[in-house]
Every structure is written in C-alpha cells, then in structure tokens.
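Student: Got a predicted structure here, sequence first:
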Amino acid sequence: MTLKTSRRGEIPPFIVMEVMRAAAERAATQEAVYHLEVGQPGTPAPQGVIEAAQAALAEQRLGYTVALGLPELRTAIARHYAEDYGVSVPMERIALTTGSSGGFLLSFLACFEPGDRVALVAPGYPCYRHILSVLGIEPVIIETGLRDRYQPSPALLDAARARTGALDGLIVASPSNPTGTMLPKAEMAALAAYCDAEGIRFISDEIYQGVTYGRGFETALSHSDTAVVVNSFSKYFSMTGWRLGWLVLPEDLMKPVERLAQNLFISPPTLSQAAAIAAFDCKEELEANVARYAANRDLLLRELPKAGFSELAPSDGAFYLYADIAAMTNDSQGFCARMLAETGVAATPGLDFDEDRGNATMRFSFAGDPSEIAAAAEALKVWRA
C-alpha cells in the first residue's frame, strides 16, 4: 500500500542550500572552496552578545518565553527604531520570531487567505514565493530590470493588476536579495501610499537594515502605520544560527500573530532572546563589520570585470553582486556547478531568484572573510583568462 504524501513538499528547492551542500562535499576532499554562495556574515556574533549568552546559560533556567518574546528585547528594538531612525514604535507592536523565516510564515498566515494574490519582484528572494505557494497563496511575479533598479513601483503594480486582477499584498525588500538595490525615500513613500489607498497589505523585508553603502536606509515604518516589517538579527548583527528575528505589526495583526505563534512555535529561542538584548550596545563592532563588507564589495567591483563579469547590478546595500552572464552561458546552474568544480568558487545561479530569466544570471556574496573574497577573485581571473 502506498501512503499519501503532501504535494507541499514538491516546492522547488532553495538552490543556494544545494550549492552549499556541493561546496561542503568538495571541501571534504580537501580541495579549496571559496564561499561566495551564501548570505552569511563571515564575522561572529558581537562579543557583547556572546558574553550575554554565557551569562544566561550560567544564571537562567531558559524556559519558554511568552509567544511574542521577552519584553526587555522588544523594548530594546523599539528604542533602536526611535534612536536610529526617528520612528516611534510601541514595544506592544513588536513580535519576536524564530528567524525572519518564522516572521514570513506568521505574517503571510495572518495577512492572507488561500487564493489571495501577492505581488513580488523577480529577481527576488525565492522563499517568498515558495512559502506563499505552500500556503495556497498565489505569487504574482513582477519582472524587473536595471531600468527599474530591480524594485517595484506603482506603475508596475498597476500593470500587474491589469494582467492578473486584484492584488491582496505586496512584498518589498530594500536592500534587496539578490541585487542589493534600495528604495529611496520618495519611492518607499509612494509604494506605501499606493498600498494604503488600494487596500493592499504592504510587507517590507528589512533584514539587511544597517548594511548599506553610501545610501541612507529607509524603513516602511516612516511612511505607513499599516505596513508589516520583517527584520532579523542574522545579517547586520551577524547572528544567523541564533535563529531570531522580529516583526513590527499594525495593531490589527497583533492578536492573530500571537495566536499563530503560540500554536506553531510556542516561543522563539530563549537563549538567543536573552543574548540579543546586548546586540544594540555593540554598534562599533557591527559598523566595523559593514566596513569590511564594503571593502569586499569594492574588491569584487574592481576584480570581477577582469574575469568577464562586467554586467553587475548596482549594489546599494546587503552583501551581494548580481551578474548578467548571458555572454557566457544560458545555463546558470550548470555554469555555477562547473565553476565550483574547476575553481572552488561557490556562487548561486540566478534561477534561484528568477525562474524565467535566471538562466543567464548569478549571484556572488561578499559577506565572507576578505582573504577568501580576494582568493576567489584571483581564481576566477585565472579561470576566465
């Protein structure tokens, strides 16, 4: 007898995780590997966070917290918005989550019904569309290019609605993964106003907040009281494996998200919450990390064109360079696999981010150690010579 399995598990893979696995298999044979595939800081958690975690291990029972998280950490996040961005957010509107991934799941469940349509751009973070699809929500893909700086606009949303019908939501990422582009103040304000006027739930992915290069970061909270903001301790705070994020929610979503969190997660990781309170006192160390990313970015912008990777998206923030490789290949997945096998450089094929056009693009991450980034650039130049 064949037992039934759910079709939910048939969603496409998160390709970057498969590249990581292939890179690990190569490393196990003692061959050189240069990790430019995953968006993971090469820096550890701040020292103050580590010390706070050690103290919590020694002093606390580390049982469950309430579903929305420790009030002390929610208060620290509210203070962060007030001090760094001039935005007043009551701690009562903040919910801690198990990574930003938990935040996406909770917000999508709270905001949308099966059959609803949610707009998002391509290229974009693949897990948006995968999670939406698993929940029975229709991703409405808006193709963007350099002319749009890979970001949505009211005009593009109008075109999407004319093509597919009503929209129930919009997901925006600024800075973006994979392109690193950002929405300036006027464009963020225009999108927030459009969504408010049209009854579209505006979800702003701000997990790369703080990782910017010469451009000011703009939070959706400056322009809308109804926006949902998803954020994380993973990127700017270098705490990927601690699996801790947060949501800033409008009041009408607080109870729904709390009930969902109680049932799906009980609470976010308690040790991570206790330690993360100290993260906001580690700004000097965190800004030094961003300076390191900036140096890595400058190195790749200088060296990648020498290896033939000259068509690059403008990287205003995050730690990615998105390359058009149409002149080299029409099979980005095969190209990246061959590049790893022949040079040890692991990078992510564009198909992860753009199902229809990603065969001719790829993403490099420059979040790692500067010596590894430099060695990868040299290996690519030799390979493409």
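Tutor: The structure has been received and is ready for your questions. Quantities reported herein were computed from a predicted structural model and do not represent experimental measurements. Residues are numbered from 1 along each chain as shown.

Student: Would you map the strands across the chain?
Tutor: Counting by DSSP state E, one finds strands in the chain at the ranges 34-35, 94-97, 117-122, 138-143, 169-173, 201-205, 228-232, 245-248, 320-324, 345-346, 348-349, 361-365.

Student: What is the distance between the fourth one and the centre of its chain?
Tutor: Spelled out, that is strand 138-143. Counting by C-alpha atoms, centre = their mean, to the nearest Å, strand 138-143 is centred 18 Å from the centre of its parent chain.

Student: Which elements pack onto it?
Tutor: strand 117-122, helix 126-134, helix 154-164 (3 or more C-beta pairs under 8 Å, 6 or more residues apart in numbering; DSSP states H and E). Heads up, the C-betas are built off the backbone N, CA and C, glycines and all.

Student: Quick check: which of those is buried the most?
Tutor: Comparing the helices and strands packed on strand 138-143 by mean neighbour count (mean count of other C-beta atoms under 10 Å), strand 117-122 comes out on top with a mean of 22.

Student: counting contacts, what elements does that strand pack onto?
Tutor: Checking 3+ C-beta pairs under 8 Å, 6+ apart, strand 117-122 ends up next to helix 126-134, strand 138-143, helix 154-164, strand 169-173.

Student: Same list, the ones you listed, but as TSV with mean pLDDT and distance to Asp281 please.
Tutor: What follows is the helices and strands packed on strand 117-122, written out as TSV (pLDDT from 0 to 100; distance: least, C-beta to C-beta, whole Å):
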stretch	mean pLDDT	distance to Asp281
helix 126-134	96	31
strand 138-143	98	39
helix 154-164	96	40
strand 169-173	98	27
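
Student: want to try a markdown table for these, with distance to Ser238 as columns?
Tutor: Shown next, in a markdown table, are the helices and strands packed on strand 117-122 (distance: least, C-beta to C-beta, whole Å):
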| stretch | distance to Ser238 |
| --- | --- |
| helix 126-134 | 21 |
| strand 138-143 | 30 |
| helix 154-164 | 34 |
| strand 169-173 | 19 |
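
Student: For this structure, just list every one of the helices.
Tutor: 15-28, 47-59, 71-85, 99-111, 126-134, 154-164, 185-198, 251-264, 270-276, 283-303, 332-343, 370-384 (DSSP state H).

Student: Which residues does the fourth one contact?
Tutor: Yep, that's helix 99-111 we're talking about. Contacts with helix 99-111, where a contact means C-beta atoms under 8 Å, 6 or more residues apart in numbering, come from 95, 97, 118, 127-128, 131-132, 135, 137, 168-169, 201, 203, 205, 207, 228, 230-232, 234, 243-247, 249, 253, 256-257, 260-261, 264-265, 268.

Student: Filter the residues you listed down to the buried ones, PyMOL style.
Tutor: Of those, the buried ones can be selected in PyMOL as follows, counting by 16 or more other C-beta atoms under 10 Å:
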select buried, resi 95+97+118+127+128+131+132+135+137+168+169+201+203+205+207+228+230+231+232+234+243+244+245+246+247+249+253+257+260+261+265+268
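
Student: returning to that earlier point: out of the helices and strands packed on strand 138-143, the one nearest Ala28 is which?
Tutor: helix 126-134 (26.4 Å; C-beta to C-beta).

Student: Contacts for that closest one, please.
Tutor: Here helix 126-134 has contacts from 8, 11-12, 14-15, 101, 104-105, 108, 112, 118, 120, 138-139, 141, 171, 205, 352-353, using C-beta under 8 Å, 6+ apart.

Student: Of these, just the buried ones, ChimeraX syntax please.
Tutor: Provided next is the ChimeraX selection string for whichever of the contacts of helix 126-134 are buried by 16+ other C-beta under 10 Å:
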select :15,101,104,105,108,112,118,120,138,139,141,171,205,352,353
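
Student: what's the least confident helix or strand in the protein, going by average pLDDT?
Tutor: Within the chain, no helix or strand scores below helix 15-28, which has a mean of 90 by mean pLDDT, DSSP states H and E.

Student: So what's the gap between it and the chain middle?
Tutor: 20 Å.

Student: tell me the angle it makes with strand 361-365.
Tutor: Helix 15-28 runs at 60 degrees relative to strand 361-365, counting by axes from the mean of the first three to the mean of the last three C-alpha atoms, to 10 degrees.

Student: Rebuild the helices and strands packed on strand 138-143 as TSV, extending it with distance to Phe366.
Tutor: Converted to TSV, these look like this (distance: least, C-beta to C-beta, whole Å):
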stretch	distance to Phe366
strand 117-122	22
helix 126-134	20
helix 154-164	28
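
Student: so which of the ones you listed comes closest to Ala276?
Tutor: Judged by C-beta to C-beta, the one of these that comes nearest to Ala276 is helix 126-134, at 22.3 Å.

Student: still on that earlier bit, who touches the least confident helix or strand of the chain?
Tutor: Residues outside helix 15-28 that contact it (C-beta under 8 Å, 6+ apart): 33, 35, 37-39, 126, 333, 336-337, 340-341, 344, 346-349, 351-352.

Student: try 10 Å
Tutor: If you take C-beta atoms under 10 Å, 6 or more residues apart in numbering as the criterion, helix 15-28 is touched by 14, 31-40, 126, 178, 332-333, 336-337, 340-341, 344-353, 358, 363, 365.
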